[in-house]
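1. Pasting a predicted model and its sequence here:
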Amino acid sequence: MSDGQSLTLILASERDTIEFGEDLALALKPGDCVALSGDLGAGKSTFARALIRAMADDVNLEVPSPTFTLVQSYDELRIPVAHFDLYRLGDSSELDELGFDEALLSGICLVEWPEMAGELLPASRIVMKLEHEGTGRRVTITAPAPALLRIRRALAIREFLNSRGYAGASRRFLTGDASMRAYESVTTSAGEILVLMDWPKRPEGPPVLDGKPYPKVAHIAEDAYPFVAISQYLRGIGLTAPEVLHVDYDQGILLLENLGNQGVLDEDGRPIEDRYRESVVCLGYLHAHAMQQDLPIENGPIHHVPDFDPTAMKMEARLLLDWYLPWKRGEQPSEEERQDYLAIWDGLIGELASAEKNLLLRDFHSPNIIWQPEQAGVRRVGLIDFQDAMIGPTAYDLASIVQDARVDIPKALADQMMIDYLTLRRSLGNFDEASFLKSWAIMAAQRNCKLVGLWVRLKERDGVPHYLRHMPRTLRHLSTALTHEALAPLRDWCTRAGIDFSES
């Protein structure tokens, strides 16, 4: 049972306590302080060891008790953890000498016997009180609302797994992305490894156009229906996408087939040529199928794939104006600059009215391609992260992979990928190559104008600065797109705006 600020659980066995610790490892984030209260033998150390081992993804990790050392640090984990035992603390003022504040800045602090710290622990701490309950334990959690929300989410995912026949499954952090989604690796009791997509509902953002928030204007998927529909469609035409094994649409929890962890980059982060080239062939195969905009969902509604309409294209391109230029120049663009830029995009988007259109996956690049060595042909290209798919110019996805935003593609390979795609499309007939190449340049420019602004927005608004490392590459890609004659107006505007491509 729970109220606004607390939650009570019954852990029937030591295994339940260990499982709870492992699940909480997925809910905590840097800056969290977990105060563990309870009598001797109440399970504090069992919980702490389970959490630390889960964070390390090593069930055999030695986790000694910090009873005599007072603190044991684990700095090499996904999130650093400092495990404090304050039972032998002489005075609460000694907490500072143990490096508590420094540990909390970048990691998680687990504190046994928190009563010894007096009032020195942060007011925002997560308090867990463990008490004997028959042969098990009662755990009462009191925490600020945001932390409690994360804990409830972790427990809801556990209940999802239990109710679908996966009781006792082991959960580990897999990856996160720039969206609200996170992913877990789930190992079943039979040893099968699956992938869980944790996709909580996004808070309604501020309006950016016509009173609508960015996701609605840009057609960003807000629930799991599009992912399920696109997965079923791709699998139905003979491509490789993860099978959706179970889904809770209301909670945004999906259990997926695991396509493995082989990508299209080598161990040094360089592109593997044959995998990139096969990915381009996969695109040609997709584009050779007749466009379908209304996709049925097994035992569900029909998903209408949204159009990559002029409004969405233009709003994405605006990110250069709204975020990149103010960040780069230290001031907002002038009204004249803004109007000229938007007018240029009106013209370029108008040029796309007659462009070839089909399903575009939207983020078809290295992080979202999982290589399937046991398959043959295009089925070796495993596709993920396609929930935001739209109907739009086919050239968009080719620009996305040839100008991979996350990795440097040697020019010889990029040129060969273009040749491979164009050769395949010519062989299939009914292909206007000149029109396609113009669409490719416009779509490449649109995507890169979006990305230069997105990298800045992630840093400035969302506090995620590491995407800025892609900025030089993105500017190079934009410069390449601008060489097409159709992009001359935008190229001239960039020159007048002082965008310096040489920095790339």
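-> Received, thanks. If you're wondering where the values come from, they're calculated on a predicted model, not measured in any experiment. Numbering: from 1, shown residues only.

2. Could you tell me the end-to-end distance of stretch 317-334?
-> Stretch 317-334 has an end-to-end distance of 17 Å (C-alpha to C-alpha, to the nearest Å).

3. now do stretch 91-108
-> 22 Å.

4. Stretch 92-104 too?
-> 17 Å.

5. Give the buried residues for that stretch.
-> Neighbour-count burial for stretch 92-104 flags 95, 98, 100, 103-104 (criterion: 16 or more other C-beta atoms under 10 Å). Every residue, glycine included, has its C-beta placed from N, CA and C.

6. Could you list the buried residues of stretch 217-226?
-> Residues of stretch 217-226 classed as buried by neighbour count (16+ other C-beta under 10 Å): 217-222, 224-226.

7. farthest-separated two in the residues you listed?
-> Within these, Val217 and Ala224 form the most distant pair, 20.7 Å apart (C-beta to C-beta).

8. sec struct for the residue in the chain sticking out farthest from the centre, please.
-> Ranked by distance from the centre of the chain (C-alpha atoms, centre = their mean), the top residue is Gly90, with 44.9 Å. Of the three states, Gly90 takes coil according to DSSP: H, G, I helix; E, B strand; the rest coil.

9. Columns pLDDT, distance to Gly134 and secondary structure on top of the buried residues of stretch 217-226, output as JSON lines?
-> As requested, those are arranged in JSON lines below (pLDDT from 0 to 100; distance: C-beta to C-beta, whole Å; DSSP: H, G, I helix; E, B strand; the rest coil):
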{"residue": "Val217", "pLDDT": "87", "distance to Gly134": "55", "secondary structure": "helix"}
{"residue": "Ala218", "pLDDT": "86", "distance to Gly134": "53", "secondary structure": "coil"}
{"residue": "His219", "pLDDT": "87", "distance to Gly134": "53", "secondary structure": "coil"}
{"residue": "Ile220", "pLDDT": "89", "distance to Gly134": "48", "secondary structure": "coil"}
{"residue": "Ala221", "pLDDT": "90", "distance to Gly134": "46", "secondary structure": "coil"}
{"residue": "Glu222", "pLDDT": "90", "distance to Gly134": "44", "secondary structure": "coil"}
{"residue": "Ala224", "pLDDT": "95", "distance to Gly134": "39", "secondary structure": "coil"}
{"residue": "Tyr225", "pLDDT": "96", "distance to Gly134": "43", "secondary structure": "helix"}
{"residue": "Pro226", "pLDDT": "96", "distance to Gly134": "46", "secondary structure": "helix"}
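
10. Can you lay out these as TSV showing distance to Val71?
-> TSV is the format used below for the buried residues of stretch 217-226 (distance: C-beta to C-beta, whole Å):
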residue	distance to Val71
Val217	49
Ala218	47
His219	49
Ile220	43
Ala221	44
Glu222	43
Ala224	42
Tyr225	48
Pro226	47
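
11. Nearest to Ser45 among those residues?
-> Proximity of the buried residues of stretch 217-226 to Ser45 (C-beta to C-beta) peaks at Ala224, which lies at 38.6 Å.

12. can you pull the contacts of the closest one?
-> Residues in contact with Ala224, defined by C-beta atoms under 8 Å, 6 or more residues apart in numbering, are 197, 199, 247, 249, 252, 254, 387.

13. circling back to that earlier point, phi first, then psi, for the residue farthest from the centre of the chain.
-> phi -70, psi -40 (degrees, to the nearest 10).

14. ditto for Ile108
-> Here is the backbone geometry of Ile108 (degrees, to the nearest 10): phi -110, psi 140.

15. now swap in Ser439 and tell me
-> Torsion angles, degrees, to the nearest 10, at Ser439: phi -60, psi -40.

16. Could you tell me how many residues sit around it?
-> 25 (other C-beta atoms under 10 Å).

17. For the stretch 251-400 of the chain, which segments are assigned as helices?
-> Ranges of helices within the stretch 251-400 of the chain are 273-287, 310-317, 319, 325-329, 335-351, 395-402, based on DSSP state H, counting those that start in this stretch.

18. which of those sits most buried?
-> Mean neighbours per residue, mean count of other C-beta atoms under 10 Å, is largest over the helices of the stretch 251-400 of the chain for helix 395-402, with a mean of 25.

19. Direction-wise, compare the very next helix or strand once past it with helix 273-287 and give the angle.
-> Sequence-wise, the next helix or strand downstream of helix 395-402 (DSSP states H and E) is helix 411-428. Orientation check (axes from the mean of the first three to the mean of the last three C-alpha atoms, to 10 degrees): helix 411-428 against helix 273-287 gives 30 degrees.

20. tell me what the helix or strand harbouring Leu9 is packed against?
-> Counting by DSSP H and E, the element that carries Leu9 is strand 6-11. In terms of contacts (3 or more C-beta pairs under 8 Å, 6 or more residues apart in numbering; DSSP states H and E), strand 6-11 is packed against helix 14-24, strand 136-142, helix 145-163.

21. Which residues does it contact?
-> Strand 6-11 is touched from outside by 1-2, 17, 20, 43, 133, 136-143, 148, 151-152, 155, with contacts defined as C-beta under 8 Å, 6+ apart.

22. For it, buried residues please.
-> Neighbour-count burial for strand 6-11 [16+ other C-beta under 10 Å]: 7, 9, 11.

23. which phi and psi does the closest residue to Leu458 other than its chain neighbours have?
-> Nearest residue to Leu458 in three dimensions, chain neighbours excluded: Val464, at 4.4 Å (C-beta to C-beta, 6 or more residues apart in numbering). Torsion angles at Val464 (phi, psi; degrees, to the nearest 10) stand at phi -120, psi 90.

24. Burial check on the nearest residue to Asp96 once chain neighbours are set aside, number of neighbours?
-> Closest residue in space to Asp96, ignoring its immediate chain neighbours: Leu120 at 7.8 Å, by C-beta to C-beta, 6+ apart. By the measure other C-beta under 10 Å, the count of residues near Leu120 is 15.

25. pLDDT score for Leu120?
-> Note on Leu120: pLDDT of 88.

26. Next: Gln5.
-> As predicted, Gln5 sits at a pLDDT of 84.

27. Tell me how many other residues surround the closest residue to it other than its chain neighbours.
-> The shortest distance from Gln5 to any non-neighbouring residue, by C-beta to C-beta, 6+ apart, is to Thr142 (6.0 Å). For Thr142, the neighbour count with other C-beta under 10 Å is 17.

28. Kindly state the beta-bridge partners for Thr142.
-> Counting by DSSP bridges, Thr142 forms beta bridges with Ser6, Val127.

29. Which pLDDT value goes with it?
-> You'll see Thr142 listed with a pLDDT of 96.

30. From what I see, it and Val127 are in contact.
-> Yes - here Thr142 reaches Val127: they are 4.5 Å apart, a contact under C-beta atoms under 8 Å.

31. From the contact counts, what lies against the helix or strand bottoming out on mean pLDDT in the chain?
-> Least confident helix or strand, the chain: strand 207-209 with a mean of 81, by mean pLDDT, DSSP states H and E. On a contact count with 3+ C-beta pairs under 8 Å, 6+ apart, strand 207-209 meets helix 214-217, helix 310-317.

32. Okay, buried residues for it please.
-> Buried positions in strand 207-209, judged by neighbour count with 16+ other C-beta under 10 Å: Val208.

33. likewise stretch 493-501?
-> For stretch 493-501, a neighbour-count test (16+ other C-beta under 10 Å) marks 493-494, 497, 499 as buried.

34. Can you tell me how far Asp57 is from Gly107?
-> 16 Å (C-beta to C-beta, to the nearest Å).

35. thinking again about what came up before, averaging pLDDT over each of the helices and strands packed on strand 207-209, which comes out lowest?
-> Mean pLDDT per stretch puts helix 214-217 lowest among the helices and strands packed on strand 207-209, at a mean of 85.

36. can you pull the contacts of the closest residue in space to Pro301 that isn't next to it in sequence?
-> Excluding the flanking residues, the one nearest Pro301 by C-beta to C-beta, 6+ apart is Tyr225, at 6.8 Å. Contact partners of Tyr225, counting by C-beta under 8 Å, 6+ apart, are 249, 297, 300-301, 303.
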